[in-house]
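*Asks:* Sequence below, structure please.
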Amino acid sequence: MLKGDNSLNKQKDSPYELLRTKEIIAILDGDTKYGKYEFNDGTELQIMMPYLSGPDLCGVSTLFGLPATYSWGGVNLSRWQYLDNLMIHCIEENRCSDLLAYLFDKKQFSKMLSGHEVDDINAAYDHITKSIIQEINGVLFFGGNELAIVGKQFIVKPIGSTVTVEVPKIKTIDREYIKGISTRALDDVEQKNYDSAITKSRTLLEETFCYVIELKNETPSDSGDMAKLYKQVRTLYSMHTDANTDRRINTLLSGLNSIVSAIAEMRNKDSDAHGVGANRISIDEHHARLFVNSAMTMADFILSVATK
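*Replies:* This is a model prediction of the structure:
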């Protein structure tokens with residue numbers, strides 16, 4: 001059977017296909033609004049998902065391994081198409097629950113909820129997210145299905161059914177995988193697509209960190225915070241500088257912190273995963289190559305430490 005046939009069968013068999021209606025996608029991308037939530041101080045907030053612009057959706061797509069760029073003033077897909085393409089990709093990669101967890105994460109609501117007391121923020125977040133899931137289930141109801149949170153996973157299942165969530169298999173990260181992402185990132189550099197190259201560099205490090213953490217049967221502390229992930233890796237694998245280690249090696253180890261910080265910060269400020277408009281930083285080809293090669297070298301080193 002051809003690979004394309006496998007992908008089509010996987011899509012057809014996936015319950016997450018039920019989320020690909022325009023009505024549900026319009027809910028998820030922040031187009032649909034449902035009344036208002038009132039805070040204790042009398043201020044009101046629209047009940048809706050955070051609005052995702054075209055650049056935002058391209059950023060999320062790239063974050064989940066489906067590179068997408070937004071051309072200002074050029075020809076782009078509709079916002080609905082960007083999210084639908086991402087849903088298809090996540091179905092094929094078995095990452096729909098991860099995508100929904102990302103979209104519903106409290107961090108995504110920060111702009112909407114900021115400026116209030118912590119208890120008020122938590123109460124508003126709970127009310128809004130529960131209301132939105134209820135609205136999605138209002139669409140799924142007529143097919144006898146519902147969206148539910150089981151453990152920490154978002155599951156589409158028949159109404160009232162019991163689902164046992166299997167622990168997902170650890171995605172294998174090896175040198176071929178590192179080489180593959182690095183090659184694609186360098187191809188982006190050749191095509192002058194430096195944003196995408198930096199995003200892939202960040203993705204490579206983040207996935208490598210998560211992988212070696214899971215090898216220790218631990219849960220990654222925060223898959224959106226590179227510094228926290230790297231700190232967890234260093235702790236689990238005793239990678240801190242040591243008085244008994246040659247000072248030159250210690251100097252190299254301490255330099256790894258700078259690599260993580262630079263790639264994380266550059267990606268946050270300048271990559272295609274965030275639309276930042278006029279605040280973009282201009283980078284040259286040789287700098288983009290430096291980012292890619294630094295990420296590749298560090299990923300290879302971390303993998304060597306974890307599998308020695």
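*Asks:* How much space separates the residue nearest the centre of the chain from residue 297?
*Replies:* In the chain, the C-alpha closest to the average C-alpha coordinate belongs to residue 63, at a distance of 4.6 Å (CA atoms, centre = their mean). Going from residue 63 to residue 297 by CB to CB, to the nearest Å gives 23 Å. For every residue, glycine as well, the C-beta is placed using N, CA and C.
*Asks:* Just the pLDDT for the residue nearest to the centre of the chain.
*Replies:* Model confidence at residue 63, given as pLDDT, is 82.
*Asks:* Enumerate every residue touching the residue nearest to residue 47 when sequence neighbours are not counted.
*Replies:* Once flanking residues are discounted, residue 47 sits nearest to residue 34: 4.4 Å by CB to CB, 6 or more residues apart in numbering. The neighbourhood of residue 34, defined by CB atoms under 8 Å, 6 or more residues apart in numbering, consists of 47, 48, 131, 132, 135.
*Asks:* Repeat the analysis, applying 10 Å as the threshold.
*Replies:* Shown here is residue 34, whose contacts under the criterion CB atoms under 10 Å, 6 or more residues apart in numbering are 27, 46, 47, 48, 49, 128, 131, 132, 134, 135.
*Asks:* would the fifth one count as being in a helix?
*Replies:* No. For residue 49, which was evaluated using DSSP: H, G, I helix; E, B strand; the rest coil, the result is coil, with no helix membership.
*Asks:* That one: how many residues sit nearby?
*Replies:* Using other CB atoms under 10 Å, the number of residues around residue 49 comes to 23.
*Asks:* Could you measure from the closest residue to it other than its chain neighbours over to residue 53?
*Replies:* In space, not counting the residues next to it along the chain, residue 49 is nearest to residue 30; the distance is 4.6 Å by CB to CB, 6+ apart. As for residue 30, its distance to residue 53 is 9 Å (criterion: CB to CB).
*Asks:* now residue 35
*Replies:* To residue 53, residue 35 is 23 Å away according to CB to CB.
*Asks:* More neighbours: those two, which one.
*Replies:* Neighbours per residue, other CB under 10 Å: of residue 35 and residue 53, the larger number sits with residue 53, 14 against 10.
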